[in-house]
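Undergrad: Return a 3D structure for these sequence lines:
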Amino acid sequence: MEKHFLLIFSLSCFIVVASLMCRTCHLHIQTDRCRRGLGVCVAQKNEECMLLSIMQGDILQLSYMVCQKFCRNLTFVYENRTYVHKCCKENFCNFRL
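TA: You can find the predicted model right below:
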């Protein structure tokens, strides 16, 4: 029984290690730390690490980091703010973007 538990535990650890892990933060202000949702998500099928940065001029207003399904790089301007979506496929890469 104990050997079976160790085998299952080892396999589950391997699966988590082999999965894409992303940083989560639902409200990050550049001059401060993560205010809401700090943690880690494990990307599921068709998910990547995503960073959304909201800029006003050249000044970062806030950012948002999650695992995102069908993520794509995208930049658009709305009401004097620039929204920049960046997607990546390496562990914790959305924190380094």
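Undergrad: Report the separation between the residue positioned nearest the centre of the chain and His26.
TA: The chain has Val66 as the residue nearest its centroid, 3.4 Å off, counting by CA atoms, centre = their mean. The gap separating Val66 from His26 is 8 Å, by CB to CB, to the nearest Å. All C-beta atoms are positioned from the backbone trio N, CA, C, and that covers glycine.
Undergrad: contacting residues around the residue nearest to the centre of the chain?
TA: By CB atoms under 8 Å, 6 or more residues apart in numbering, the contact list for Val66 reads Cys22, Thr24, His26, Cys41, Met50, Asn94.
Undergrad: Please apply the same query to Gln44.
TA: Cys67, Lys69.
Undergrad: swap in Cys67?
TA: With contact taken as CB under 8 Å, 6+ apart, Cys67 is in contact with Leu20, Cys22, Thr24, Cys41, Val42, Ala43, Gln44, Glu47, Glu48, Cys49, Met50.
Undergrad: Contacts only, for the first one.
TA: Think Leu20. Val42, Ala43, Glu47, Glu48, Cys49, Cys67, Lys89, Glu90, Asn91.
Undergrad: quick one: which of those sit in strands?
TA: Among the contacts of Leu20, the members falling in strands (DSSP state E) are Val42, Glu47, Glu48, Cys49, Cys67.
Undergrad: By neighbour count, which of those residues wins?
TA: When neighbours are counted by other CB atoms under 10 Å, Cys49 leads the ones in strands among the contacts of Leu20 with 28 neighbours.
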